[in-house]
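Undergrad: Sequence and predicted structure below; questions after.
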There are 2 protein chains.
Amino acid sequence: MTAPSREESGGTKPHAFSSPEIEAVYRAIRSRRDMRHFLPDPVAPEILTRLLEAAHCAPSVGYMQPWRFIRVADRNLRTRLQELVEAERLATAEALGERGAEFMRLKVEGIREAGEILVVSLMPGREQFVFGRRTLPEMDLASVACGIQNLWLAARAEGLGMGWVSLFDPEALRALLGIPDGGHPVAILCLGHVEQFYDAPMLEQEGWDQRRTLDDLVFQDAWGRHHRD
Amino acid sequence: MTAPSREESGGTKPHAFSSPEIEAVYRAIRSRRDMRHFLPDPVAPEILTRLLEAAHCAPSVGYMQPWRFIRVADRNLRTRLQELVEAERLATAEALGERGAEFMRLKVEGIREAGEILVVSLMPGREQFVFGRRTLPEMDLASVACGIQNLWLAARAEGLGMGWVSLFDPEALRALLGIPDGGHPVAILCLGHVEQFYDAPMLEQEGWDQRRTLDDLVFQDAWGRHHRD
């Protein structure tokens, strides 16, 4: 018999969740997928509200809360969004050159099928916010992305899939939704029920690219130096 | 007695987590804080590995996985980081004008105290990745922010606090850590044990700014239009 270590007795971890709670958080993180295939079933309004509240719990640089959400309920507007994405899909295929044909075989959005479509935009007037952004003004986008990741993980726990589509001309989308000058849309989110979640990222399953090994991404004290170097 | 609805019977939600699991995910989302106050206790290496794996589970635009992590183990290097942040703190106070003095009273980093310091950088060579970035090249940063949010939520579940510091000159930090041309550091993460988590965002507690009401951030079909308009 050995005495419990300080770790095991909770001495240094009084704020840790219970083991099943910790596992649930990791389960959401590991099983969340960037979805492109959806069922048309509607998303319950109370779930949508919970997901938006989860997004609004995100950290933001200087507490600026730069995220704005436009729910697309109108079917004609949804069609217009889909057309914007299709135009950019073709332009991307052209820009990809030799991988263009391979790209064109991928499903890159579920705008027609998904139960809900949300456009996420950076608010106008962000230049007034200097805290944490004097040298890194792009931290506003980082904050919005943290909010979207919250939404994504909460959706996964609720059994809903989500996909972040960034294939669009932001100026055209801004005009379509009447987003004021200085605003900047960064995501078309497709959200909804799914037949099944992909076992691995879809672009891995489709052979577009491979998962990197974590060891290759982590250095110690200097770029390129590994722990055991 | 009424028959269970399709929702309750799980008909449309076969992929939902159990209720306690869903609650655990929301608990992490709601109780995560951008921390500036830390205890000096070390972070267990196996926990650090789990947290980095959680970050690496993030979605990335075109599956580019642009995140790189530099663990700062050397104490002298940590001091240099702290000096970089201090220089930017003074420059920010100057730029803030009339709110500069108020800003200077805030604790904006915990670099000396936190158990672990991680610098997160965008990899070099990102211009080769066009998928989802032709019109929105900044999606690489969005992907990295999703990874950092994963790490943040997993840390909260494990009972650890984290703070994202963006008060630094990225070129100076790049030089300090030998990050190659084209790489771009976006975060100094302070990670570690904490005495307690803030009940609300620290900048709210300190009166720097207030939390917006969710209804003011959500529109329907056009900017500024609300559901009941």
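TA: Cool, the structure landed.
Undergrad: where's A:Q196 relative to A:R156, distance?
TA: 13 Å (CB to CB, to the nearest Å). From N, CA and C alone the C-beta is placed, and that goes for glycine too.
Undergrad: the more surrounded of those two?
TA: A:R156 (25 against 11; other CB atoms under 10 Å in any protein chain shown).
Undergrad: which secondary structure elements does the lengthiest strand in chain A contact?
TA: As assigned by DSSP state E, the longest strand anywhere in chain A is strand A:184-192. Strand A:184-192 sits against strand A:116-122, helix A:139-157, strand A:161-165, helix A:170-177, helix B:139-157, with contacts defined as 3 or more CB pairs under 8 Å, 6 or more residues apart in numbering or on different chains; DSSP states H and E.
Undergrad: From the chain's centroid, how far away is that strand?
TA: Averaged C-alpha coordinates place strand A:184-192 at 9 Å from its chain's average position (CA atoms, centre = their mean, to the nearest Å).
Undergrad: Note down every partner strand of that strand and its orientation.
TA: Each strand that strand A:184-192 pairs with, and the sense of that pairing, follows from DSSP bridges: strand A:116-122 (antiparallel), strand A:161-165 (antiparallel).
Undergrad: one step back: can you lay out the helices and strands packed on strand A:184-192 as CSV showing distance to B:E53?
TA: Conversion of those to CSV gives the following (distance: least, CB to CB, whole Å):
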stretch, distance to B:E53
strand A:116-122, 27
helix A:139-157, 15
strand A:161-165, 21
helix A:170-177, 33
helix B:139-157, 9
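Undergrad: Make TSV from these and add distance to B:S31 and mean pLDDT to it.
TA: Listed next are these as TSV, based on distance: least, CB to CB, whole Å; pLDDT from 0 to 100:
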stretch	distance to B:S31	mean pLDDT
strand A:116-122	23	98
helix A:139-157	12	98
strand A:161-165	22	98
helix A:170-177	33	98
helix B:139-157	6	98
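Undergrad: Verify the contact between A:G110 and A:P40 for me.
TA: No: the pair A:G110 and A:P40 does not pass the contact test of CB atoms under 8 Å, sitting 9.9 Å apart.
Undergrad: In PDB, list the C-alpha atoms belonging to the longest helix anywhere in chain A.
TA: The helix of greatest length in chain A, counted in residues with DSSP state H as the criterion, is given as helix A:75-96. This file holds the C-alpha atoms of helix A:75-96, laid out as PDB (Å, rounded to 0.1, in the frame of the first residue of the first chain):
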ATOM      1  CA  ARG A  75     -35.100  29.800 -48.700                       C
ATOM      2  CA  ASN A  76     -34.400  32.200 -51.500                       C
ATOM      3  CA  LEU A  77     -31.500  33.700 -49.600                       C
ATOM      4  CA  ARG A  78     -30.200  30.200 -48.900                       C
ATOM      5  CA  THR A  79     -30.100  29.600 -52.700                       C
ATOM      6  CA  ARG A  80     -28.200  32.900 -53.200                       C
ATOM      7  CA  LEU A  81     -25.700  31.700 -50.600                       C
ATOM      8  CA  GLN A  82     -25.300  28.400 -52.400                       C
ATOM      9  CA  GLU A  83     -24.700  30.300 -55.700                       C
ATOM     10  CA  LEU A  84     -21.900  32.400 -54.000                       C
ATOM     11  CA  VAL A  85     -20.200  29.300 -52.800                       C
ATOM     12  CA  GLU A  86     -20.600  27.500 -56.100                       C
ATOM     13  CA  ALA A  87     -18.900  30.400 -57.900                       C
ATOM     14  CA  GLU A  88     -16.000  30.300 -55.500                       C
ATOM     15  CA  ARG A  89     -15.800  26.600 -55.700                       C
ATOM     16  CA  LEU A  90     -15.200  26.900 -59.500                       C
ATOM     17  CA  ALA A  91     -12.600  29.700 -59.000                       C
ATOM     18  CA  THR A  92     -10.800  27.600 -56.400                       C
ATOM     19  CA  ALA A  93     -10.700  24.600 -58.700                       C
ATOM     20  CA  GLU A  94      -9.100  26.800 -61.300                       C
ATOM     21  CA  ALA A  95      -6.600  28.200 -58.800                       C
ATOM     22  CA  LEU A  96      -5.700  24.700 -57.600                       C
END
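Undergrad: Same question for whichever helix or strand comes after that helix: list its buried residues.
TA: Using DSSP states H and E, the next helix or strand after helix A:75-96 towards the C-terminus is helix A:100-104. Buried residues in helix A:100-104, counting neighbours by 16 or more other CB atoms under 10 Å in any protein chain shown, are found at A:F103.
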